[in-house]
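Engineer: need a 3D model of the following:
(one chain, ligands or ions: 1)
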Amino acid sequence: MMLNGISVLLIDDEAPFVRSLSYALRQQGMQVTGVHDCQSALDALPTAHPDIALVDLRMPGIDGMGTMERLRAHSPDLPMIMISAHGDTRMAVQAVKAGAADYLTKPFELDELLHCISGTLDRDRLHSEVSYHRQRAISETGLIGDSARMGQLRETVARVAASSTARVLLFGESGTGKALVARALHTQSSRRDQAFVEVNCAALPEQLIEAELFGAERGAYTGAHQKRTGLVTLADGGTLFLDEIGELPLPLQAKLLHFLENGTYRTVGGTKTLQADVRVVAATNRDLAKAVSAGGFREDLFYRLNVIQIPVPPLRERDDDVILLAEHFAAHYAAQEGVSAIRLPDPVKDILRSHPWPGNVRELKNLIERLTILLPGRDVSVDDLPGDVQDALPVSDSPASDGIADQLERAERQLLLDALNQNGGHKARAAEHLGISRHALKRRLQRLGL
Ligand SMILES: Nc1ncnc2c1ncn2[C@@H]1O[C@H](COP(=O)(O)OP(=O)(O)OP(=O)(O)O)[C@@H](O)[C@H]1O
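Structural biologist: As a prediction, this is how the structure comes out:
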């Protein structure tokens, strides 16, 4: 397990310990947020996006156990390692029983800690997909756009949100904003004060998705080291958003249907029948009716989910929203990176308007993020855009056909930009992805003037 780039939240009331351990972990390429009490840890969650928390057991005020409980309420999937002092082993064992992934006793060697972190994250790797999706749901709200199509969408959302029980099926291409619409349906409904829980049905294998949705008893399957609370339970009173519902394996479709019909379910390995009141909003980028005729999706479930259909239009059908969104993202990423916003001169705007955006808003958002990192505060030129976006240039404006060297350079530029894009602008990860050293990546970026 690579620890490079992992985000660690370290909570310990002893400032020198936090300082020295933060330093040591940063040396290993990790991002560390060090805080001294429970409240600061909770405050740090939305910005630090930790992959793991290291929690000191003995702290004045809210102690390690209390801190773990509160962190769990905010980030149910955040794995935690408890740090205990010599003599506190019993308490540490209690903490593990209460859900901590592991514990270490002070003083410990750095290697021991690294081993412990990588073991925990390895076990948690599959679940992290889900926590990523949850995080995304928390950090993003608000639908931008004033095209006619967006106006209609907003009106529909307002009307449908008024009924807090009717099931909704959102359909539209990938990246069009279905998750945002689902969230808007929740925040505009009477369920707004309860949880909005998002699960990507394509992210996990069948057995884990059942445990993720309905919960699992300790030891119910290999790797179930602790009792898992299901997302359905967490969403009780609120909204459960099932993204990519078309990917839900057939046996689970039957279990979901049972839940939709009766409002009851069982945990994996459990015997009790449990109840939850949730509004289900599902989304798909596949033609579900076709999947039904092909036998990949249950017809009865399709009708149960499909009470109200809301189409989410592709970006290319939203007039000038593309410019509005580009400028919004430019301001957003400039603020996030602490740099000046990129500027989009008219020829670039023309291209943005004519590109068909197969990846929709997500593609545009990633492009603007990447440009902000590469060209902070600068005018973007047509050449800075990836090849497929440049291809949207009206034919009469296209430059004379390139020689092989230019074409190779373009291909290289595209590869580098794609790798950076897929790795959130993180150079070390992009280099690893490309199979070259960080130094080689830097040299290439410089040579291409990126
Ligand atoms: N109208 C919008 N205003 C602002 N941001 C938007 C808008 N639409 C989409 N986004 C952003 O674009 C990204 C993709 O949107 P989202 O995840 O909701 O798409 P999706 O349709 O659910 O995609 P998928 O089908 O791949 O899950 C998100 O970061 C989202 O915040």
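
Engineer: what does the chain have sitting close to the ligand?
Structural biologist: 140, 143-145, 172, 174-180, 243, 283, 285, 325, 361-362, 365 (C-beta under 6 Å from any ligand atom). The C-beta positions use only the backbone N, C-alpha and C, and glycine is treated the same way.

Engineer: restricted to buried residues, select these in ChimeraX.
Structural biologist: Buried members of the residues of the chain next to the ligand, defined by 16 or more other C-beta atoms under 10 Å, are picked up in ChimeraX with:
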select :145,172,175,176,177,178,179,180,243,283,285,325,361,362,365
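
Engineer: now, which of the residues of the chain next to the ligand lie within helices?
Structural biologist: Lys178, Ala179, Leu180, Leu325, Val361, Arg362, Lys365 (DSSP state H).

Engineer: does the last one touch Phe329 like I think?
Structural biologist: Yes - under the contact definition of C-beta atoms under 8 Å, Lys365 touches Phe329, with a separation of 5.2 Å.

Engineer: re earlier: looking at the ones in helices among the residues of the chain next to the ligand, which one is closest to Phe297?
Structural biologist: Nearest to Phe297 among those is Lys178, at 17.3 Å by C-beta to C-beta.

Engineer: what's near enough to touch the closest residue to the ligand within the stretch 51-200 of the chain?
Structural biologist: The ligand sits closest to Gly177 of the stretch 51-200 of the chain, with a gap of 2.7 Å, by C-beta to the nearest ligand atom. With contacts defined as C-beta atoms under 8 Å, 6 or more residues apart in numbering, Gly177 is in contact with Leu143, Val312, Asn360, Val361.

Engineer: need the per-residue pLDDT for the closest residue in space to Gly425 that isn't next to it in sequence.
Structural biologist: Sequence neighbours aside, Ile373 is the residue nearest to Gly425 in space, at 4.4 Å (criterion: C-beta to C-beta, 6 or more residues apart in numbering). Looking at Ile373, its pLDDT is 89.

Engineer: secondary structure element for Ile373, which one?
Structural biologist: Applying DSSP states H and E as the criterion places Ile373 in helix 360-374.

Engineer: that helix packs against which elements?
Structural biologist: Helices and strands touching helix 360-374, by 3 or more C-beta pairs under 8 Å, 6 or more residues apart in numbering; DSSP states H and E, are helix 321-337, helix 404-422.

Engineer: tell me which strands and helices whichever helix or strand Arg159 is part of is in contact with?
Structural biologist: Applying DSSP H and E as the criterion places Arg159 in helix 148-162. Judged by 3+ C-beta pairs under 8 Å, 6+ apart, the packing partners of helix 148-162 are helix 178-187, strand 308-311.

Engineer: would you mark the buried spots in that helix?
Structural biologist: In helix 148-162, counting by 16+ other C-beta under 10 Å, buried: Arg149, Met150, Leu153, Arg154, Thr156, Val157, Val160, Ala161.

Engineer: and what of stretch 298-307?
Structural biologist: Using 16+ other C-beta under 10 Å as the burial criterion, the residues of stretch 298-307 that qualify are Arg298, Leu301, Phe302, Arg304, Leu305.

Engineer: and those residues, which of them are in strands?
Structural biologist: Counting by DSSP state E, no part of the buried residues of stretch 298-307 is found in strands.

Engineer: could these go into a markdown table alongside pLDDT and distance to Gln188?
Structural biologist: Shown next, in a markdown table, are the buried residues of stretch 298-307 (pLDDT from 0 to 100; distance: C-beta to C-beta, whole Å):
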| residue | pLDDT | distance to Gln188 |
| --- | --- | --- |
| Arg298 | 96 | 30 |
| Leu301 | 95 | 26 |
| Phe302 | 95 | 26 |
| Arg304 | 93 | 23 |
| Leu305 | 93 | 20 |
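
Engineer: out of those, list just those in helices.
Structural biologist: Using DSSP H, the buried residues of stretch 298-307 in helices are Leu301, Phe302, Arg304, Leu305.

Engineer: Leu110: neighbour count?
Structural biologist: When neighbours are counted by other C-beta atoms under 10 Å, Leu110 registers 12.

Engineer: and for it, nearest residue in space, chain neighbours not counted?
Structural biologist: Among residues not flanking Leu110 along the chain, Ala24 sits closest, at 5.4 Å (C-beta to C-beta, 6+ apart).

Engineer: tell me the spacing between the one you found and the ligand.
Structural biologist: As for Ala24, its distance to the ligand is 34 Å (criterion: C-beta to the nearest ligand atom, to the nearest Å).

Engineer: confirm Arg90 sits in a helix?
Structural biologist: Yes - membership of Arg90 in a helix is supported by DSSP: H, G, I helix; E, B strand; the rest coil.

Engineer: what count of nearby residues applies to Leu10?
Structural biologist: Neighbours of Leu10 under the rule other C-beta under 10 Å: 26.

Engineer: check which helix or strand it maps to.
Structural biologist: In this assignment (DSSP H and E), Leu10 forms part of strand 7-11.

Engineer: restricting to C-alpha, output that strand in PDB.
Structural biologist: Listed next in PDB are the C-alpha coordinates belonging to strand 7-11 (Å, rounded to 0.1, in the frame of the first residue of the first chain):
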ATOM      1  CA  SER A   7      -4.400  12.400   4.300                       C
ATOM      2  CA  VAL A   8      -4.000  11.900   8.000                       C
ATOM      3  CA  LEU A   9      -5.900  13.600  10.800                       C
ATOM      4  CA  LEU A  10      -3.800  13.500  14.000                       C
ATOM      5  CA  ILE A  11      -5.500  14.300  17.300                       C
END
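
Engineer: can we start the residue count at 22 from this point?
Structural biologist: Noted, 22 is the first residue going forward, which turns the last one into strand 28-32.

Engineer: need the contact partners of that strand.
Structural biologist: Against strand 28-32 from outside (C-beta under 8 Å, 6+ apart): 39, 42-43, 46, 51-59, 61-62, 65-66, 69-77, 80, 85, 88, 99, 138.

Engineer: just the buried ones from those residues?
Structural biologist: 39, 42-43, 46, 51-59, 62, 65-66, 69-77, 80, 85, 88, 99, 138.

Engineer: in helices, which of those appear?
Structural biologist: Short answer: the buried ones among the contacts of strand 28-32 in helices (DSSP H) are Val39, Leu42, Ser43, Leu46, Cys59, Ala62, Ala65, Leu66, Ala69, Gly85, Thr88, Ile138.
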